[in-house]
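# coords below, sequence missing:
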Ligand code: ADP
Ligand code: ZN
């Protein structure tokens, strides 16, 4: 470890380890197989780069992103570390040169694209090169349950065995327990040492708002950060182009980024963002993985992100320098419906769809929660915490009301429909909207039909999600398509427990909901 500390300073120019790094490094140096789950920006790369530099032998690094590999290799080379990359974006000549270097034992680290590593010729080459460790970046890509499954990752464990008895160092920022268990099952022959660091990023201010005029809302948020760098995510390429245009027209230095743009324009825009401060990049989720800009001061979502993990990862690109940074996420019912439709109509297996729905609902619950956003977010990742004082809810931007009666109405609607129906249907039932689906199921004949005329459907949907966020209702663990009442829920239903809900939902019309009736 002394050698490691010296190298930390000499090679990387850092004076101390970041929290968590030391423990992981000690385990790596003692030869253990590792799974490290640490938030984005916490310095995971160092946990395999430093041992590779200090120890003898060759460490293979796989990463799903060629751009990220290229950046890391360049950074290492600049610091005088012999590192190289093998991938399809290299010319044949470049790859041949790297292959020669590998045979001569010239490198400490070699970055390999996953689809290449599983090829027999690569296995033979790396075996001959005497590789002794395999670092797997973005290890959640091995899990069909994660949000970013890469089939090539499934071949990594076998490739590692074929190359030799490689030490496995898997790192990821994906936190939730089922995904963790799946990563372990797919990559490791025996239980690895697992390291999990807190996911709290206290310097990020969290805020979420219902969408009214997205372009205007984003513009207002962005203009509070004039001269600072930020990212605005949109769900579609079209949305990116429109918003980038609108912002530019209103004096914001905004650039577009999405996979449909010319590669040249894309990389020019990315470089502009990385090099200068004050540029706002408007992008699809294609932007960001592997982007290492420490002073991004804000991240906005003009549309609802794909899942709670995607949300966490995307806002996590702000404030990596630890200084205060701002986030704002806009959401709407149509965003939710769109995402639900995407999940339903995808050809993923049923199990995966259920998982995606769960992650979407966790995000919706976060949007609608009457409680501290950070507490709700961290709870979704299995961490308990106190109200943070740094989110729109803690700051008291929302009024609260006694929600017992509203909760009882929603729960009675759930009960009368056997827990099989969702927020939209329940809202129609409560306001007495005899839609086709309501009539088809005979729900217009239920005593609950029309007992909630005092609120709009959108307000009932919000209350439904608040009940979910407050853990009054939950998905049946045995049958995820069914809603059940929790113990807390049953107490509120019986009038034995108090319940505070969040009022004044900013509706598209600008009208303020009076929920106190
Ligand atoms: P992750 O992969 O966890 O998202 P990175 O490995 O890309 O994070 O590291 C994030 C940033 O933190 C990088 O700019 C890296 O150089 C920096 N970093 C890593 N370790 C340290 C350290 N011990 N001291 C200071 N900066 C560090
Ligand atoms: Zn808070």
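Arrived safely, thanks for sending. Keep in mind it's a predicted model, so treat the numbers as computed, not measured. Numbers count the residues shown, from 1 in each chain. Ligands and ions are numbered 1, 2, ... in the order given.
# is it correct that residue 331 is in contact with residue 207?
No: if you go by Cβ atoms under 8 Å, residue 331 and residue 207 don't touch, sitting 11.5 Å apart. In this view, the C-beta of every residue, glycine as well, is placed from N, C-alpha and C.
# more crowded one of these two?
Neighbour count, other Cβ atoms under 10 Å: between residue 331 and residue 207, residue 331 has more, with 21 against 18.
# that one bridge partners, please.
For residue 331, the beta-bridge partners are residue 210 (DSSP bridges).
# for it, what are its contacts?
208-211, 301, 303-304, 364, 367 (Cβ atoms under 8 Å, 6 or more residues apart in numbering).
# how close does residue 181 get to ligand 1?
Per Cβ to the nearest ligand atom, to the nearest Å, residue 181 is found 21 Å from ligand 1.
# give me the neighbour count for residue 425.
18.
# try residue 95
Neighbours of residue 95 (other Cβ under 10 Å): 17.
# skip the chain neighbours and tell me the closest residue to residue 296.
With Cβ to Cβ, 6 or more residues apart in numbering as the criterion, residue 296 has its nearest non-adjacent residue at 4.8 Å, and that residue is residue 318.
# who touches that neighbour in this structure?
When contacts are counted by Cβ under 8 Å, 6+ apart, residue 318 touches 204, 230-231, 296-299, 325-327.
# still on that earlier bit, if we look at ligand 1, which of the contacts of residue 331 are close to it?
Counting by Cβ under 6 Å from any ligand atom, nothing from these sits close to ligand 1.
# output the residues you listed as JSON lines; include the columns neighbour count and pLDDT.
As requested, the contacts of residue 331 are exported to JSON lines (neighbours: other Cβ atoms under 10 Å; pLDDT from 0 to 100):
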{"residue": "208", "neighbour count": "21", "pLDDT": "95"}
{"residue": "209", "neighbour count": "18", "pLDDT": "92"}
{"residue": "210", "neighbour count": "17", "pLDDT": "89"}
{"residue": "211", "neighbour count": "20", "pLDDT": "91"}
{"residue": "301", "neighbour count": "25", "pLDDT": "98"}
{"residue": "303", "neighbour count": "22", "pLDDT": "97"}
{"residue": "304", "neighbour count": "26", "pLDDT": "97"}
{"residue": "364", "neighbour count": "24", "pLDDT": "91"}
{"residue": "367", "neighbour count": "24", "pLDDT": "93"}
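# measure the residue lying farthest from the centre of the chain to residue 423 for me?
What lies farthest from the middle of the chain is residue 445; by Cα atoms, centre = their mean that is 42.6 Å. The gap separating residue 445 from residue 423 is 21 Å, by Cβ to Cβ, to the nearest Å.
# repeat that for residue 376.
For residue 376 relative to residue 423 (Cβ to Cβ), the value is 18 Å.
# try residue 186
Distance from residue 186 to residue 423, by Cβ to Cβ: 34 Å.
# circling back to that earlier point, just the contacts of residue 318: which are in strands?
When the contacts of residue 318 are checked against strands (DSSP state E), the matches are 204, 230-231, 296-299, 325-327.
# which one of the residues you listed sits closest to ligand 1?
residue 296 (12.1 Å; Cβ to the nearest ligand atom).
# related to what we said a few turns ago, just the buried ones among the ones in strands among the contacts of residue 318, please.
Taking 16 or more other Cβ atoms under 10 Å as the criterion, what is buried in the ones in strands among the contacts of residue 318 is 204, 230-231, 296-299, 325-327.
# can you tell me which of those is nearest ligand 2?
residue 204 (10.9 Å; Cβ to the ion).
# what's across from the closest one in the sheet?
Beta-bridge partners of residue 204, counted by DSSP bridges, are residue 325.
# burial measure for residue 130, as a count.
Residues near residue 130, counting by other Cβ under 10 Å: 14.
# equivalent analysis for residue 383, please.
Neighbour tally, residue 383, other Cβ under 10 Å: 15.
# residue contacts, it?
Here residue 383 is in contact with 198-200 (criterion: Cβ under 8 Å, 6+ apart).
# can you turn the buried part of the residues you listed into a ChimeraX selection?
Applying 16+ other Cβ under 10 Å to these, the buried members can be selected in ChimeraX as follows:
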select :198,199
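# among the contacts of residue 383, which are in reach of ligand 2?
Among the contacts of residue 383, not one lies near ligand 2 by Cβ under 5 Å from the ion.
# among the contacts of residue 383, which are in helices?
Counting by DSSP state H, those place none of their members in helices.
# contact partners of stretch 274-282?
With Cβ under 8 Å, 6+ apart, stretch 274-282 has contacts from 222, 226-232, 234, 240, 243-244, 247, 252-257, 269-270, 272-273, 287, 291, 293, 295.
# now residue 55: closest residue in space that isn't a chain neighbour?
residue 29 (7.5 Å).
# what of residue 255?
Counting by Cβ to Cβ, 6+ apart, the residue nearest residue 255 is residue 269, at 4.2 Å.
# and that neighbour, what helix or strand is that in?
Residue 269 is part of helix 263-275 when elements are defined by DSSP states H and E.
# next: residue 317.
Element membership for residue 317 (DSSP H and E) is empty, with no helix or strand holding it.
# quick thing: my sequence starts at 23, can you match it?
In the new numbering, first residue 23, that becomes residue 339.
# which residues touch it?
Contacts of residue 339 by Cβ under 8 Å, 6+ apart are 62-63, 253, 310, 313, 315, 318, 321.
# burial measure for residue 88, as a count.
When neighbours are counted by other Cβ under 10 Å, residue 88 comes out with 16.
# help me confirm that it comes into contact with residue 137.
No: using Cβ under 8 Å, residue 88 is not in contact with residue 137; the gap is 10.7 Å.
# which neighbours do these two have in common?
Common contacts of residue 88 and residue 137 (Cβ under 8 Å, 6+ apart): residue 110.
# from residue 391, how far out is the residue nearest the centre of the chain?
A centroid search over the chain (Cα atoms, centre = their mean) returns residue 332, at 2.4 Å, as the residue closest to the centre. According to Cβ to Cβ, residue 332 stands 18 Å off from residue 391.
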